[in-house]
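1. Requesting a structural model of the entry that follows:
(chains A, B, C and D)
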Protein chains: 2
Amino acid sequence: MATIRDIAKLANVSIATVSAVINSSAYVSPLLKRRVTKALKELDYFPNDIARSLRSKKTRSLGVIIPDITNPFFTSVVRGIEDVANNFGYTVILCNSDEDHNKEKVYINMLRSKHIDGLLLAAAGVNVKYGESPNFPIIYINRIPLNPNVDSVVVNNFKGAYEATHYLIQLGHTRIGMISGMPGLYTTTERLRGYKEAMASSKVSIVKDFLKQGDGRLASGYEKGKELLRLHKNPTAIFVTNNLMTLGLIKVIDELHLLCPQDVSIVSFDEVEWTDVFHPKLTTVAQPAYEMGKQSAELLISRIEGKVTKGIKRIILEPTLIIRESCRKLSQGQN
Amino acid sequence: MATIRDIAKLANVSIATVSAVINSSAYVSPLLKRRVTKALKELDYFPNDIARSLRSKKTRSLGVIIPDITNPFFTSVVRGIEDVANNFGYTVILCNSDEDHNKEKVYINMLRSKHIDGLLLAAAGVNVKYGESPNFPIIYINRIPLNPNVDSVVVNNFKGAYEATHYLIQLGHTRIGMISGMPGLYTTTERLRGYKEAMASSKVSIVKDFLKQGDGRLASGYEKGKELLRLHKNPTAIFVTNNLMTLGLIKVIDELHLLCPQDVSIVSFDEVEWTDVFHPKLTTVAQPAYEMGKQSAELLISRIEGKVTKGIKRIILEPTLIIRESCRKLSQGQN
DNA sequence: TTGTAAGCGTTATCAG
DNA sequence: CTGATAACGCTTACAA
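-> Numbers count the residues shown, from 1 in each chain, chains lettered A, B, ... in the order given. Got it, this is the predicted structure:
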């Protein structure tokens, strides 16, 4: 690869001049400029960002750590991040932590060594504490760590869960089951809280057996769904708190030769490509995943470029309950 | 951030010695080694990969350009890539080209400037020609460009399509529609070829109206499906060549109050989380997406590290027809 | 207006 | 065995 020095030689100017025309960082006479430009073309010159970064101490790269790109929710988040990063001339380094704290730490150190300009982090677990904090801005996404002094963008999980549950109650359901996500996670806790508060505020009592702890994966939706539906006196409705577990739940319902919504109503969480083509079309709490990626990347870049300097930013995105066909109205007295 | 020089000063040794202990690249007396190690800890030293890269001309980073991470097929591919990259200590830079040739070019130049060690490319379009070829190895994934002198890993699309179509024929179908993907793409061409050859080899004639050109997106599955099903004499089976278009097709079938497989049989392409929970469970051609990512990354890293040097490598992965419930057997004479 | 030279943080070559 | 020192390719004072 041609270097700035090769160009200088060919154009018969100094490397400073070459640099000046490349970055339009200083006036260069039209004559020299032309000579340089020509040499640039001739040698197919590409600036070496490594050298540039070393000098400027900026890499124009963003780290992104998420549990698993394979989860459609995070896929959309990443797409949002990538789009704005690209727009601002940043590059995205993607890492999957698999909810593994150690893997996450390893990645963070790797990214640190790579001198990323900033990090978008959907932290594994909840108790995030990184000894000597890295010297780049971090935006926590989707989950807020215990330590509150951090920037974050999350969705209002409490509200989403509250509305989902409330909707079911309005339909006449009282025996409402819930399959929650990975215990300890911010999202899980908040959704659980939303469910409980909705129940409480309508004075419908929570049956302990109706509260199942899943782990966010398809298999747990299946397992917990089965437990729920095999209960002697089973729930008439189930609130299942993510897309993968919903799939698992649908699978058991089917296997048990039950019908939705005739036998069980479902409110799901997450809006993905298939939610509205399923039979019945699913009523679900849609999260603005792409938007989360977009806004978090925007915030991060603002931090990096010093446009946002004061205080702690917390952006809360609103979920939407999309009512479709997976819940039925219970007639009076029926349960 | 502490530099190697700070360490040297603190440990009272030369920077060369520090470098030696960091990289165990030369013998250092236990005494000095201990002093250095201590200083390293004390200052929370992290090597600066930028400086390292500048010197060594290796960045230990891989570029990945795909059309859209939001497509579940590519999501799995990327996951496979990321896993092996991580294993070998490489970092992944992700780019979505949106099938846009220009965007792709811009990305390639960006990655070139970043001095990635190698590139995994699911090229937009088919006529890929990058003037002055970059000085890093490229592995083409999923699609083979016109220029045959490149490494690639693809799946046997022809075979997948052939088997899908053949299966339908065996079931007694003769009026078999097809919704193909983005025209011009290698995958599209091959699947079309597989369909045609299966038809020909069983001597069932292809109705021109049954061959619909989609673009790989949900909407086109819907549109083309509608066209197909509204035909006066419509197909009894449809082969739809990717996951998103399948969703679209299912949507129209539903809207038209048709039943699958009673009214139309479907063979889909791609195996994703929902294929076996849908009603009916979908018969589909499964592509080893994760495997494609894994193997392509492995090949790329071998190239980078000089372990594979000779010839052009072409890895062909085999698809699998997974038979489930979306196709029915046609009784003799019925059509 | 243009050129010289220092320095970013490493690695690697050579003397000592 | 250890320590100077010269690159790597670029940006940016500062000098001319």
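
2. can you give me the helices in chain A?
-> Assigned helices in chain A, in chain order: A:4-11, A:15-23, A:30-42, A:49-56, A:72-87, A:101-113, A:157-170, A:186-201, A:218-229, A:243-255, A:289-304 (criterion: DSSP state H).

3. in the first one, what's buried?
-> When you say that, I think you mean helix A:4-11. A:Ile4, A:Asp6, A:Ile7, A:Ala8, A:Leu10, A:Ala11 (16 or more other Cβ atoms under 10 Å in any protein chain shown). Any C-beta I mention is one placed from the backbone N, CA and C, and that applies to glycine too.

4. repeat for the second one
-> With burial defined by 16+ other Cβ under 10 Å, the residues of helix A:15-23 counted as buried are A:Thr17, A:Val18, A:Ser19, A:Ala20, A:Val21.

5. hmm, back to that, mind giving me JSON lines with the helices of chain A and columns for distance to DNA strand D and mean pLDDT?
-> Shown next, in JSON lines, are the helices of chain A (distance: least, Cβ to the nearest atom of the strand, whole Å; pLDDT from 0 to 100):
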{"stretch": "helix A:4-11", "distance to DNA strand D": "3", "mean pLDDT": "94"}
{"stretch": "helix A:15-23", "distance to DNA strand D": "4", "mean pLDDT": "94"}
{"stretch": "helix A:30-42", "distance to DNA strand D": "10", "mean pLDDT": "94"}
{"stretch": "helix A:49-56", "distance to DNA strand D": "3", "mean pLDDT": "95"}
{"stretch": "helix A:72-87", "distance to DNA strand D": "20", "mean pLDDT": "97"}
{"stretch": "helix A:101-113", "distance to DNA strand D": "16", "mean pLDDT": "92"}
{"stretch": "helix A:157-170", "distance to DNA strand D": "44", "mean pLDDT": "98"}
{"stretch": "helix A:186-201", "distance to DNA strand D": "40", "mean pLDDT": "97"}
{"stretch": "helix A:218-229", "distance to DNA strand D": "49", "mean pLDDT": "97"}
{"stretch": "helix A:243-255", "distance to DNA strand D": "45", "mean pLDDT": "96"}
{"stretch": "helix A:289-304", "distance to DNA strand D": "16", "mean pLDDT": "97"}
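
6. Out of these, flag the one nearest B:Phe73.
-> For the helices of chain A, the distance to B:Phe73 is smallest for helix A:72-87, at 11.5 Å, taking Cβ to Cβ.

7. check contacts around A:Asp276.
-> Taking Cβ atoms under 8 Å, 6 or more residues apart in numbering or on different chains, we find A:Asp276 in contact with A:Leu282, A:Arg324, B:Lys251.

8. can you count the residues close to the last one?
-> In other words, B:Lys251. Residues lying near B:Lys251 (other Cβ atoms under 10 Å in any protein chain shown) number 20.

9. got it, and A:Ala200?
-> 11.

10. can you check A:Phe239 too?
-> By other Cβ under 10 Å, 27 other residues sit near A:Phe239.

11. A:Asp282 touches A:Ser265, doesn't it?
-> Careful, residue A:282 is Leu; it's not Asp. No. Contact criterion Cβ atoms under 8 Å: A:Leu282 and A:Ser265 do not qualify, at 10.6 Å.

12. between those two, what contacts are shared?
-> Counting by Cβ under 8 Å, 6+ apart, the residues touching both A:Leu282 and A:Ser265 are A:Ser326.

13. what residues are up against the residue of the stretch 151-300 of chain A found nearest DNA strand C?
-> Relative to DNA strand C, the nearest point of the stretch 151-300 of chain A is A:Leu300 (22.7 Å; Cβ to the nearest atom of the strand). With contact set as Cβ under 8 Å, 6+ apart, A:Leu300 has these partners: A:Leu62, A:Gly118, A:Leu119, A:Leu120, A:Pro137, A:Ile139, A:Asp151.

14. among those, which are in strands?
-> Among those, the members falling in strands (DSSP state E) are A:Leu62, A:Gly118, A:Leu119, A:Leu120, A:Ile139, A:Asp151.

15. quick revisit: quickly name whichever of the buried residues of helix A:4-11 is closest to A:Gly89.
-> Taking Cβ to Cβ as the measure, A:Gly89 lies nearest A:Ile4 of those, at 20.2 Å.

16. give the contact list for the closest one.
-> A:Ile4 neighbours (Cβ under 8 Å, 6+ apart): A:Ile15, A:Val18, A:Ser19, A:Ile22, A:Tyr45, A:Pro47.

17. would a markdown table of those with distance to DNA strand C be doable?
-> Output for these, formatted as a markdown table (distance: Cβ to the nearest atom of the strand, whole Å):
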| residue | distance to DNA strand C |
| --- | --- |
| A:Ile15 | 5 |
| A:Val18 | 8 |
| A:Ser19 | 7 |
| A:Ile22 | 13 |
| A:Tyr45 | 16 |
| A:Pro47 | 13 |
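
18. show me what contacts the closest residue to A:Arg314 other than its chain neighbours?
-> Of all residues not flanking A:Arg314 in the chain, A:Ser152 sits nearest, at 5.2 Å (Cβ to Cβ, 6 or more residues apart in numbering or on different chains). By Cβ under 8 Å, 6+ apart, the contact set of A:Ser152 is A:Ile139, A:Tyr140, A:Ile141, A:Arg143, A:Ile144, A:Lys313, A:Arg314, A:Ile315.

19. For A:Ser152, give the beta-bridge partners.
-> On the basis of DSSP bridges, A:Ser152 is bridged to A:Tyr140, A:Arg314.

20. near chain B, which residues of the stretch 51-200 of chain A?
-> Proximity of the stretch 51-200 of chain A to chain B, by Cβ under 8 Å from any Cβ of the partner chain, involves residues A:51, A:53-54, A:59, A:61, A:68-70, A:72, A:75-76, A:78-79, A:82-83, A:86, A:91-96, A:109-110, A:112-115, A:131-132, A:135.

21. Which of these are buried, as a PyMOL select command?
-> Applying 16+ other Cβ under 10 Å to these, the buried members can be selected in PyMOL as follows:
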select buried, chain A and resi 51+53+54+59+61+68+69+70+72+75+76+78+79+82+83+86+91+92+93+94+95+96+110+112+113+114+115
